[in-house]
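In: What follows is a predicted protein model with its sequence.
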Amino acid sequence: MLIENPVPWPNGARCAVAITFDLDVDSILHISHPNDADNYISIQSFLKYGAEISIPRICRVFKELDLRQTFFVPGWCVERYPRALKLILNGGHEIGHHGYLHESPNAQSAEDERYWFERALQAYRTCLGIRPRGFRAPLNEFSKNTLGYLIDAGIEYDSSLMGDDVPYLLTSRDRKQNVIEIPQCITMDDWPHFMHSWDLKYEMPISSPQRAREVFLSEFDAMWESGGLWMTVWHPFLTGRPARVKMLIEILEYMRSKGGLWFATLGEISDHVKECISNGSWSPRLDTLPYDESPIPELDRPRRRDVSPSQREVAS
């Protein structure tokens, strides 16, 4: 096997499968253009498609396929799009913390990051009556302070990082508790394949669904053979379009034809990993954060002492 320490998945499954969605809607427009987002009508319609059209479609497909998965939703979107959130919850899906307005944690002060993190928690509590078990940093921009806020809030798992092919543990340098990391990989994100917007400064060459499917399934085959975790990150305004939902259905049909799969929410994966650790059937790798303190000492080079031409001649 290519994976040295695979998790023993339930019922002898060869591979765990998580099909996650980030429901950002137009939060990303407001955070990018805070003073004039109301003037970007076309891109706003493109983004709102995710909540208004894609979510009902995706929830219908998941119901037909008997799937319950994880949706990461910014707190502002929870407040703004109650119909979409109701459909997600009625389908038995999990809601994860995804910031408040899709702000970038590692571009903020520690105080500002905590403010937005806690404001999102309040939105989930007030609008949905829940406290999310998991977190995914907007744009995966997990900061050196983020882990501490997760621990303080009792968040059980994170899904922002890309440090392994199976879950592992995150520990903080200044706190004793751990958080389970359920890692992703940019290869398994629909953003590089389908995201193109002049207004948001993303100009990827748009892949055909067939090309994207080829990439996703090549990753799946490797994970299936090695006992890994196949987790995708989809955005409803991108992959919720008909041709791409058709691609997703075809991917699921292919995977199910191979068998040996465990479809799970990230909360269920977190529970299983904790149980394996508790009963001694599996031991995870541990990462201590932050990895380094900047600037690293190697960057502090001693200055070269200037030597005059006459001194160089004497030395020679």
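Out: On my side now, so go ahead. Keep in mind that what you see is a predicted model, and the values were worked out from it rather than measured.
In: which stretches of the chain have low pLDDT?
Out: For the chain, the stretches with pLDDT under 70 are 304-316.
In: One more pass at 80, please.
Out: For the chain, applying pLDDT under 80 flags the ranges 1, 301-316.
In: Just give me the longest strand of this protein.
Out: strand 15-22 (DSSP state E).
In: ok, residues contacting it?
Out: Residues outside strand 15-22 that contact it (Cβ atoms under 8 Å, 6 or more residues apart in numbering) are 7, 9, 58, 67, 69-73, 98, 136, 159, 182, 184, 220, 223-224, 227-236, 248, 252, 255, 260-266, 269. No exception for glycine: its C-beta is placed from N, CA and C like everyone else's.
In: Quick one, which of those are buried?
Out: Buried by 16 or more other Cβ atoms under 10 Å: 7, 9, 58, 67, 69-73, 98, 136, 159, 182, 184, 220, 223-224, 227-236, 248, 252, 255, 261-266, 269, out of those.
In: need the helices for the stretch 101-250 of the chain, in chain order.
Out: Shown for the stretch 101-250 of the chain, the helices assigned by DSSP state H, counting those that start in this stretch span residues 110-128, 146-153, 191-194, 209-226, 236-239, 242-258.
In: Take these and write them to JSON lines, including distance to residue 39.
Out: Shown next, in JSON lines, are these (distance: least, Cβ to Cβ, whole Å):
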{"stretch": "helix 110-128", "distance to residue 39": "24"}
{"stretch": "helix 146-153", "distance to residue 39": "33"}
{"stretch": "helix 191-194", "distance to residue 39": "24"}
{"stretch": "helix 209-226", "distance to residue 39": "32"}
{"stretch": "helix 236-239", "distance to residue 39": "19"}
{"stretch": "helix 242-258", "distance to residue 39": "29"}
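In: so which of these is the most packed in?
Out: By mean neighbour count, with neighbours taken as mean count of other Cβ atoms under 10 Å, helix 236-239 ranks first of the helices of the stretch 101-250 of the chain at a mean of 25.
In: Only C-alpha atoms, please: export stretch 138-155 in PDB.
Out: C-alpha atoms of stretch 138-155 as PDB (Å, rounded to 0.1, in the frame of the first residue of the first chain):
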ATOM      1  CA  PRO A 138     -12.300  30.200   4.400                       C
ATOM      2  CA  LEU A 139      -9.800  29.700   1.500                       C
ATOM      3  CA  ASN A 140      -8.100  27.300   3.800                       C
ATOM      4  CA  GLU A 141      -6.300  30.200   5.300                       C
ATOM      5  CA  PHE A 142      -5.700  28.700   8.700                       C
ATOM      6  CA  SER A 143      -3.600  31.000  10.900                       C
ATOM      7  CA  LYS A 144      -1.200  30.300  13.700                       C
ATOM      8  CA  ASN A 145      -4.000  31.400  16.100                       C
ATOM      9  CA  THR A 146      -6.800  29.300  14.600                       C
ATOM     10  CA  LEU A 147      -6.200  26.000  16.400                       C
ATOM     11  CA  GLY A 148      -6.400  27.800  19.800                       C
ATOM     12  CA  TYR A 149      -9.800  29.200  18.900                       C
ATOM     13  CA  LEU A 150     -11.000  25.800  17.800                       C
ATOM     14  CA  ILE A 151      -9.900  24.200  21.100                       C
ATOM     15  CA  ASP A 152     -11.400  27.000  23.200                       C
ATOM     16  CA  ALA A 153     -14.700  26.600  21.400                       C
ATOM     17  CA  GLY A 154     -14.800  22.800  21.700                       C
ATOM     18  CA  ILE A 155     -14.600  22.200  17.900                       C
END
